[in-house]
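# sequence and predicted structure below; questions after.
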Amino acid sequence: MTIAHTLGELRNSQFSEQRTLRRGVKDELRENLLTRLKAGGPVFEGIVGYDDTVIPQLVNAVLSRHNFILLGLRGQAKSRILRALTALLDPEMPCIAGCEIHDNPYAPICRRCQELVAKERDATPIAWLTADHP
């Protein structure tokens, strides 16, 4: 996979406008969970003892795009489960290069980015936001 550096390259990548613009977090979690389930192996790393109880319910909730609440006493892996869910998010996300709020290249909301996309069009520079970005 080649990394897109301009909006024109981004339109022709797996992060196309049609796929990305209306794709919500629940859709992203679902798609990545389906990929992980097809590959086999553990769904959530580091969660021990809930393979027959909690994990199947979480998988069903994510696949059906439901909201859910984690209730339980201290030490029952609620925080660990939430941290494990973030592993189902895409490892990187495209944004407009130089934007302070990491604006969406297809639907910018800040004035600077709107003007940049209107002026540069497909030559608009793209940056990639990763989980370890400050």
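That came through, no problem.

# could I get the full set of helices for this structure?
Under the criterion DSSP state H, helices of the chain are mapped to 7-11, 17-20, 25-39, 54-63, 78-85, 111-120.

# now the weakest link among those helices, please, by mean pLDDT.
Taking each of these in turn, the lowest mean pLDDT turns up on helix 17-20, with a mean of 90.

# which elements pack onto it?
If you count contacts as 3 or more CB pairs under 8 Å, 6 or more residues apart in numbering; DSSP states H and E, helix 17-20 packs onto no helix or strand. Where you see a C-beta, it was placed from the backbone N, CA and C, and this is true even at glycine.

# can you dump the C-alpha coordinates of it into CSV?
The C-alpha coordinates for helix 17-20 follow below in CSV (Å, rounded to 0.1, in the frame of the first residue of the first chain):
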residue,chain,number,x,y,z
GLU,A,17,-14.1,9.8,-0.4
GLN,A,18,-17.0,7.4,-0.9
ARG,A,19,-15.7,5.0,1.8
THR,A,20,-14.3,7.6,4.3
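
# re the thing from before, and the helices of the chain as CSV, adding mean neighbour count?
Converted to CSV, the helices of the chain look like this (neighbours: other CB atoms under 10 Å):
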stretch, mean neighbour count
helix 7-11, 18
helix 17-20, 14
helix 25-39, 14
helix 54-63, 15
helix 78-85, 14
helix 111-120, 14
